[in-house]
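Trainee: give me a model of this one.
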Amino acid sequence: SAHMSRIVARRAFAAVTTLAALLALLAGGCATAPSLVPAPVLDAASPYFDSKSLDLGRILPPPPTDNSEITRAEIALMLKIQRERTPEEVARARADASYSVFRFADALGNPDVFNAKQLPKTAALFRKVTYEEGAVVQAGKRSFKRPRPFILEPAIEPVIKKPTNDSYPSGHALWSRTVGLVLADMLPEYSAQIMARADDFAFHRVVAGVHYPSDVDAGKHAGTALAAFLLAS
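Mentor: Okay, here's the model as predicted:
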C-alpha cells in the first residue's frame, strides 16, 4: 500500500503539471468577463451550464469488458489492496465517501476557518458544483452500465455501503478532480497539495472496494472536462 501511495503521489504531481496550463488559460479567460455582470444565484434548480452538453458517453472510451485481461488484472490488484489495507486506510476511505470540499482541509494545513459555518459562500458554491457533477456522472454511468467489482468478484468486500448504481466512471473521482481544480484555481499557492489530495480521495474508492482503477482514471478525465466547463461558465 505504501508503494501504491507513492505511485498515486507521482501521478498527482504529473496531473498538476499537465493541467497548470489549462488552469492559467481558464483563469485568464475569466478575467476578461465584464465587471457589471451579476454573480449567478447558487440555486440547484438553475445550473451553471446544460449538463447534456457534457456527454460522457461520447468523450470517454468504453470500460474494459467483464471477461477482459484488464478487468481480471484490476480485480487481482483490488484483492491485493484488500489484503494489505490498514485500519487507518479503511478509516480514510470511509471518511472520503462523503462529498464535502472541507475534506480538502488537510491539503491547506487544516486551517480553523475552513469549515461550512465560517465559509458559507464557499459551501454554497461547492454544493452547486456537486449538483453539476451528479447530473453529468449519472448520465455517464447509464451510458456504460459497467457492474461494480464486488458484483463480478464476490471475494471483494467493500468497507462502505455497497453503491447500487453503475461503476464507470467513478463519481467520487470525477467530483474530487472537479473540486480540486476549482479549489486550486481559487488557491493557486496550494495547487500541488490540493491535486494530490484529490487523487488520494479518488484512490480511496479502490481501497474501499467499490471501484476498479479504470473507473477512477475515467472519473479523473471526466472531472477535468467538467472543471473546464465550470471555469468557463
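
Trainee: and the helices in the chain?
Mentor: Secondary structure of the chain (DSSP state H): helices at 2-31, 56-59, 69-84, 87-95, 120-144, 149-152, 171-186, 191-207, 213-232.

Trainee: can you list the weak-confidence ranges in this protein?
Mentor: Counting by pLDDT under 70, the chain contains low-confidence ranges at 1-46.

Trainee: can you do 50?
Mentor: Counting by pLDDT under 50, the ranges of the chain that qualify are 1-42.

Trainee: quick one on the thing from earlier: switch the helices of the chain over to a markdown table; also include distance to residue 108 and mean neighbour count.
Mentor: The way it works is simple: take the backbone N, C-alpha and C, and place the C-beta from them, glycine included. Putting the helices of the chain into a markdown table (distance: least, C-beta to C-beta, whole Å; neighbours: other C-beta atoms under 10 Å) gives the following:
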| stretch | distance to residue 108 | mean neighbour count |
| --- | --- | --- |
| helix 2-31 | 15 | 14 |
| helix 56-59 | 30 | 14 |
| helix 69-84 | 28 | 15 |
| helix 87-95 | 17 | 15 |
| helix 120-144 | 12 | 18 |
| helix 149-152 | 32 | 18 |
| helix 171-186 | 9 | 26 |
| helix 191-207 | 7 | 24 |
| helix 213-232 | 18 | 22 |
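
Trainee: of these, which is nearest residue 113?
Mentor: Across the helices of the chain, residue 113 has its closest neighbour in helix 120-144 (9.9 Å, C-beta to C-beta).
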